[in-house]
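>>> Let me see the structure of the following:
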Amino acid sequence: MPVTSTPSVTGTFDTNNLPTIVVRAAGTIGTSLTAPMAQFLNTVNNFTQVAIQNKSAGASGSSDHICYPDNNTNDLSGFVDIGVCSSTFADAAYACTGPNDAYIFGSAVSGASKNGNLVVWTDSTGTLNEIVFGTGGFSSAANERFRIKLGGACRFMPLASAPAAVSIGDVYYNSTLNKLQVRTASAWETITSV
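Residues are numbered from 1 along each chain as shown. Predicted structure coming up:
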């Protein structure tokens, strides 16, 4: 059941998979979005999801969820932004990212005397309340790499042998030696004192 309103915004209720709403904006909005799409999905027994997609595969293309503070006056600073870059992303203003990179950006309002921190924090209401970092896939807890624990300790996931594809300055916990090791220009060196 399509629902259309002016200016050129169409909503569709998917009668085969209610409740699902898909919103498409025809043409362009402003100068940076090309035919964006928003979806509000609920598969009942699997997931509920709000999704957006920018159809542009351009060098500055991205899809973002952004929040602004009360004292923001432009889009150049003063926001938190979670998003993903296009498949050919190469925007010099955001050279810290590349094609298909996902990101979280925090930007204080320019000239403001505010903190501007990007805060990642947990409450005390859960059973662990830790911050966990992982790489290499969602399907295995063994892909955990680093954890900030409730009491303040930080834990590298122990590895029985040195990781591959290393760079100078890499650090890991060698569970065979029970030692921290750091990569120098040519070898892994054991950290004997701090």
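>>> end-to-end on stretch 178-187?
17 Å (Cα to Cα, to the nearest Å).
>>> ugh, wrong one, I meant stretch 160-178
Stretch 160-178: ends 9 Å apart by Cα to Cα.
>>> what does the average pLDDT come to for it?
Average pLDDT, stretch 160-178: 93.
>>> which parts of it are buried?
Judged by neighbour count using 16 or more other Cβ atoms under 10 Å, the buried positions of stretch 160-178 are 172-174. C-beta: built from backbone N, CA, C; applies to glycine.
>>> Spatially central residue in this structure, please.
Tyr103 (3.9 Å; Cα atoms, centre = their mean).
>>> helix/strand/coil for it?
The three-state label given to Tyr103 by DSSP: H, G, I helix; E, B strand; the rest coil is strand.
>>> and what of Ala93?
helix.
>>> what about it, distance to Ser60?
Separation of Ala93 from Ser60 (Cβ to Cβ, to the nearest Å): 8 Å.
>>> who's more crowded, those two?
Ser60 (15 against 7; other Cβ atoms under 10 Å).
>>> got any ranges where this protein has weak pLDDT?
Where the chain drops to pLDDT under 70, the residues are 1-36, 194.
>>> quick one, domains of the protein?
1-55, 57-115, 131-190 (automatic domain parsing).
>>> For my notes, please list those in CSV and give distance to Thr125 for each entry.
Compiled in CSV, the domains of the chain are given as follows (distance: least, Cβ to Cβ, whole Å):
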stretch, distance to Thr125
domain 1-55, 22
domain 57-115, 23
domain 131-190, 12
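>>> Pick the most deeply packed of those.
domain 57-115 (a mean of 14; mean count of other Cβ atoms under 10 Å).
>>> so what's the spatially closest residue to Ser110 that is not a sequence neighbour up against?
With sequence-adjacent residues excluded and distances taken as Cβ to Cβ, 6 or more residues apart in numbering, Ser110 is closest to Ser77, at 4.1 Å. For Ser77, the contact set (Cβ atoms under 8 Å, 6 or more residues apart in numbering) comprises 107-110.
>>> Would you check that Cys154 makes contact with Phe133?
No. Using Cβ atoms under 8 Å as the test, Cys154 is too far from Phe133 to be in contact (10.3 Å).
>>> Are there residues contacting both of these two? Which ones?
With Cβ under 8 Å, 6+ apart as the test, Cys154 and Phe133 both reach 146-147.
>>> any idea how far the residue nearest to Arg147 when sequence neighbours are not counted lies from Ala165?
Spatial nearest neighbour of Arg147, chain neighbours left out: Arg155 (4.7 Å); criterion: Cβ to Cβ, 6+ apart. Distance, Arg155 to Ala165, using Cβ to Cβ: 22 Å.
>>> Next SSE downstream of the helix or strand the residue nearest to Arg147 falls within?
If you go by DSSP states H and E, Arg155 is part of strand 154-156. Downstream of strand 154-156, the first helix or strand assigned by DSSP H and E is strand 171-174.
>>> Identify all contacting residues around stretch 151-162.
By Cβ under 8 Å, 6+ apart, stretch 151-162 touches 144-149, 171-176, 180-181, 188.
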